[in-house]
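1. I'd like to go over a predicted model; first the sequence, then the structure.
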Amino acid sequence: MLNPKLGLSAVFMELAAWSGILLLHESSDTALISYLLAHALASALLSLFVLPLLPATQTRPRLPMLALLMLWIYAVPIAGFLGMLAGALVLRFYRSPSTHSTFESLQLPEFDQHQRIKGSFRQTGLRSFLGNPEVPQKDRMRALVSLQHVSGRVASPLLRNVLNDPSEDLRLLAYGMLDTLEQRISRAVDLELKALRAAQAEEGPEHPGPLTLKAVHNLSDLYWEFIYQDLAQGDLREYASRESLRYGEQALALQPDSALLCLRRGLLLHELGQFEEASQAYDKAHALGLPATRVLPYQAELCFERRDFTRTRELMQQLDQWSALPRLRPIIDYWSAR
């Protein structure tokens, strides 16, 4: 910390040193010794005064720097003292503003192998990679873990294929990841069932309102996720389809003009093998304003399963006029061929 008393003391001591020479001019030895002692003390005081003005990085080690300042002031009696005093005042009042860099040095993050694998495989490539026994198990394990970053609809079929893998570690990991996907939806179903009971208690079962509509709509969506993500198989798949259909029809009764609910009803009836009712639901969804590109592919699939190939060709030819269906383009070209 800057101490002004040291600076004033240094100035007065230096003046006293020169005054001693003038007062003791008749005795040169005594005058010289008194001047040297007073000048040395003034140099020490000025050095202590100047030292705090210097940058901290230039004052280490402290004692050698203090000795260097004192030696400079002492060796040059007048110019050294005045120059050092002027320099101290300049540093005190005209110090240039310190420049701080706006940039910081950050440590690079650790490279994640899973991210590299996630971005380097497509679904078909990842399927063959996981099923190739020639690939080292460590790499297959990393590829399997990378599936947690993709949607359940893409990951579920790949994980289910790994359940037949000879490697027990891969089978256990795939089973655990599938179970995690199922448990996530199951917990959401439990919460929505509680919300439905609360809504029915508040609104009454005879006059369901918006809370009941929201609950049954969400339940239909959640049970549909079991099918959409291919998480349910066999009897569980049929159960999920029927539950999604049941809650969807309850929502449709409260919101009969919903084209998306009609499409969902058609998909579920189609899944359950009720083709006639599914066809009617598809027609109603289209009549309520759903774009043809959303409905015609399911109608064509339904006609194909009913072995009505003439109607299938007609529907696929209708899709041929839309260019926004790149994934269906090979199928459309096949059925539209003359």
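-> Everything's here; your move.

2. tell me who's in contact with Tyr175.
-> Leu163 (CB atoms under 8 Å, 6 or more residues apart in numbering). The way it works is simple: take the backbone N, C-alpha and C, and place the C-beta from them, glycine included.

3. Ser258 too?
-> Ala251, Leu252, Leu288.

4. for these, which one is nearest Gly273?
-> Ranked by distance to Gly273 (CB to CB), these are led by Leu252 at 20.1 Å.

5. out of the contacts of Ser258, which are buried?
-> Ala251, Leu252 (16 or more other CB atoms under 10 Å).

6. just the closest of the contacts of Ser258 to Glu206, please.
-> Distances from Glu206 to the contacts of Ser258, taken by CB to CB, are shortest for Ala251, at 17.1 Å.

7. I'd like the next helix or strand past whichever strand or helix holds the closest one.
-> Taking DSSP states H and E as the definition, one finds Ala251 inside helix 235-254. Sequence order places helix 259-271 as the next helix or strand after helix 235-254, per DSSP H and E.

8. buried set for that next one?
-> Ala259, Leu261, Cys262, Leu263, Arg264, Arg265, Gly266, Leu267, Leu268, Leu269, His270, Glu271.

9. export the residues you listed as TSV, with columns for distance to Leu173 and pLDDT.
-> Shown next, in TSV, are these (distance: CB to CB, whole Å; pLDDT from 0 to 100):
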residue	distance to Leu173	pLDDT
Ala259	41	91
Leu261	38	92
Cys262	40	94
Leu263	36	93
Arg264	33	92
Arg265	37	93
Gly266	37	93
Leu267	32	93
Leu268	32	93
Leu269	36	93
His270	34	92
Glu271	30	91
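
10. which stretches of the stretch 51-200 of the chain aren't confidently modelled?
-> 51, 53-60, 62, 72, 77-78, 80-81, 84-85, 88-89, 91-103, 108-125 (pLDDT under 70).

11. what's Ser151 sitting at in phi/psi?
-> Dihedral pair for Ser151: phi -70, psi 160, per degrees, to the nearest 10.

12. to clarify, my last question referred to Val135.
-> For Val135, the backbone dihedrals (degrees, to the nearest 10) come out as phi -70, psi 140.

13. just list the residues touching it, thanks.
-> Contacts of Val135 (CB under 8 Å, 6+ apart): Phe129.

14. distance check, it against Leu48.
-> Using CB to CB, to the nearest Å, we find Val135 at a distance of 74 Å from Leu48.

15. same question, Pro330
-> Pro330 is 89 Å from Leu48, where distance means CB to CB.

16. ok, now Met177?
-> The gap separating Met177 from Leu48 is 72 Å, by CB to CB.

17. of those two, who's got more company?
-> More crowded of Met177 and Leu48, by other CB atoms under 10 Å: Met177, with 20 against 17.

18. quick test: name the residue nearest the centre of the protein.
-> Centroid-nearest residue in the chain, with CA atoms, centre = their mean: His149, separated by 12.3 Å.

19. burial count for the residue nearest to Gln229 when sequence neighbours are not counted?
-> Excluding its sequence neighbours, the residue lying closest to Gln229 (CB to CB, 6 or more residues apart in numbering) is Gly152, at 3.7 Å. Around Gly152 there are 23 other residues, counting by other CB under 10 Å.

20. any idea how this protein splits into domains?
-> 4-93, 278-338 (automatic domain parsing).

21. for the stretch 201-338 of the chain, what spans make up the helices?
-> Using DSSP state H, counting those that start in this stretch, the helices found in the stretch 201-338 of the chain span residues 210-228, 235-254, 259-271, 275-287, 292-305, 309-319, 329-336.

22. cool, and the stretch 51-200 of the chain?
-> 62-75, 79-93, 113-120, 123-130, 137-145, 152-162, 168-203.

23. lowest average pLDDT across the domains of the chain?
-> Of all the domains of the chain, the minimum mean pLDDT falls on domain 4-93 (a mean of 69).

24. so what's Leu245 up against?
-> Here Leu245 is in contact with Ser220, Arg265, Leu268, Leu269, Leu272 (CB under 8 Å, 6+ apart).

25. go with 10 Å
-> Going by CB atoms under 10 Å, 6 or more residues apart in numbering, Leu245 touches Ser220, Tyr223, Trp224, Leu252, Arg264, Arg265, Leu267, Leu268, Leu269, Glu271, Leu272, Gln274.

26. closest one to Pro326 out of the residues you listed, please.
-> Checking those one by one against Pro326 (CB to CB), the nearest turns out to be Leu267, at 21.8 Å.

27. who are the contact partners of the closest one?
-> 224, 227-228, 241, 244-245, 248, 278, 281-282, 285, 298, 302.

28. one more time with 7 Å
-> In this structure, Leu267 makes contact with Tyr298, judged by CB atoms under 7 Å, 6 or more residues apart in numbering.
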